[in-house]
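Q: what's the 3D shape of this:
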Amino acid sequence: MSKKGRVLVAMSGGVDSSVAAVMLHEQGYEVIGITMKTWDYASSGGSSKETGCCSLDSINDARSLAVSYGFPHYILDIRNEFGDYVIDNFVDEYIAGRTPNPCVLCNTHIKWEALIKRADKLDCEFIATGHYANIRQHDNGRYVISKGLDEHKDQSYVLWGVSQENLARTQFPLGSFHKSEIKQMALDMGQHELANKSESYEICFVPNNDYRDFLRNKRPTLDQEIGPGNFILSDGTVVGQHIGYPYFTIGQRKGLGIALGKPMFVIEILPESNSVMLGEEHELERTQAWVRDINLVKYASIEQPMEAVTKIRYKDAGAQSILTQHGDKMQVDFPHAVKGIAPGQSAVFYEGNDLLGGGFLMK
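A: Here you go, the predicted structure:
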């Protein structure tokens, strides 16, 4: 074993994880590559060519790179665990009238656990991924995630649920680089096709990014079970009919199938009455949110109300807030109203660039 140690690197076949593996290899680590097969495209109702991190081409790309640099590569089939947990949760959340966050669940409950388990079997001290984030040990002994240097690629938002135990063994080699630098490294490695490989920003298991068709495919009787419902205003006035509440999300403006003479947005979903509440943009504003199932990263607990920046969606710039912890829930107060708080999505808290923690938005 090398002096640096042995590290298991999650390789999707894309440029980020591939360069991460090579970087660690060149730094003197004993690298073992692993590609996780998380889902079957055909079972998701896809009609076009299989693409993305779980395709045969991506698996072969990862293996080919590992062979060219002389380190082992394995394929780990976690389709059952992924489907049972992530996909079932995805469907259940929409049926509950919430907007799910599958990438967070996958990282927290599937990928990290699967990587750590396999790392133990292969005597690897560390695991590594191609996420754009940083990690360090704080003076208080806790492992802290902080934002990646490339603010446009920062992925700390989807990592709030990873446990301290797992963070202690995690490395993020790309955290101090910009995406452009990683692409240049791939070119310098002679991996021109890899450097120019297209990236997908869609949910990996939802073909064509159409979650409505995905729900119908996974739950064929869904339309019969729920049926059409009413569009209502905040005062209860019925203004039209919709195809079923699971097919709408908070903040949605396009694709409502109704015209009321002015821009209208989904401001609330009421599954108990199969109603979708519409309102003008200002009706999306909220000054408080509650967050459940919190996982704190930088501190073990927040004893007193503290200032933080809270992001309520992945591409959200974040808003100033006051955090007050109540057991496994967090009260978040915004001095200036924020728009589009969607139950089921993640709320993630930051102190400067450091990730304080996060949880799921409540209704």
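Q: what lines up beside the helix or strand where D333 lies in the sheet?
A: Remark: D333 resides in strand 329-339, with elements defined by DSSP states H and E. If you go by DSSP bridges, strand 329-339 pairs up with strand 285-296 (antiparallel), strand 319-326 (antiparallel).
Q: for the closest residue to T249 other than its chain neighbours, the count of nearby residues, please.
A: In space, and not counting its chain neighbours, T249 is closest to T99: 4.8 Å by CB to CB, 6 or more residues apart in numbering. The C-beta positions use only the backbone N, C-alpha and C, and glycine is treated the same way. Neighbourhood size, T99 [other CB atoms under 10 Å]: 20.
Q: wait, doesn't T99 sit right on E93?
A: Yes - counting by CB atoms under 8 Å, E93 is a contact partner of T99 at 7.0 Å.
Q: what residues are shared contacts of those two?
A: The contact sets of T99 and E93 overlap at G344 (CB atoms under 8 Å, 6 or more residues apart in numbering).
Q: residues contacting V7?
A: So V7 contacts 24, 29-32, 124-128, 171 (CB under 8 Å, 6+ apart).
Q: go again with 6 Å.
A: Residues near V7 by CB atoms under 6 Å, 6 or more residues apart in numbering: 24, 29, 31, 124, 126, 128.
Q: what strands line up against the helix or strand that contains it, and which way round?
A: Element membership of V7 [criterion: DSSP H and E] is strand 6-10. Strand 6-10 has the following sheet partners, assigned by DSSP bridges: strand 30-37 (parallel), strand 126-128 (parallel).
Q: give the next helix or strand downstream of the shortest one.
A: Looking back up the chat, that one is strand 126-128. strand 133-137.
Q: got it, and the longest one?
A: Next in sequence after strand 30-37, counting helices and strands by DSSP H and E, comes helix 56-69.
Q: spatially nearest residue to the residue sitting nearest the centre point of the chain (excluding sequence neighbours)?
A: The structure's the chain has its C-alpha centroid closest to C103; by CA atoms, centre = their mean the separation is 2.8 Å. Nearest non-adjacent residue to C103, counting by CB to CB, 6+ apart: V158, 4.7 Å away.
Q: gap between the residue of the chain most remote from its centre and D57?
A: Centroid-distance maximum for the chain: T237 at 36.4 Å, with CA atoms, centre = their mean. T237 sits at a distance of 52 Å from D57 (criterion: CB to CB, to the nearest Å).
Q: go on, F90?
A: 25 Å.
Q: so where does the closest residue to E283 other than its chain neighbours fall, helix or strand?
A: Once flanking residues are discounted, E283 sits nearest to I267: 4.9 Å by CB to CB, 6+ apart. Per DSSP H and E: I267 is located in strand 265-270.
Q: remind me what the next helix or strand after that strand packs against, helices and strands.
A: Of the helices and strands lying after strand 265-270 in sequence (DSSP H and E), the nearest is strand 275-279. The contact analysis (3 or more CB pairs under 6 Å, 6 or more residues apart in numbering; DSSP states H and E) places strand 275-279 against strand 229-232, strand 265-270.
Q: turn those into a markdown table, including mean neighbour count and distance to M330.
A: Shown next, in a markdown table, are the helices and strands packed on strand 275-279 (neighbours: other CB atoms under 10 Å; distance: least, CB to CB, whole Å):
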| stretch | mean neighbour count | distance to M330 |
| --- | --- | --- |
| strand 229-232 | 20 | 30 |
| strand 265-270 | 20 | 21 |
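Q: how much space between the nearest residue to R313 once chain neighbours are set aside and G83?
A: Spatial nearest neighbour of R313, excluding adjacent residues (CB to CB, 6+ apart): Q345 at 5.8 Å. Distance, Q345 to G83, using CB to CB: 22 Å.
Q: before we move on, what about I267?
A: 33 Å.
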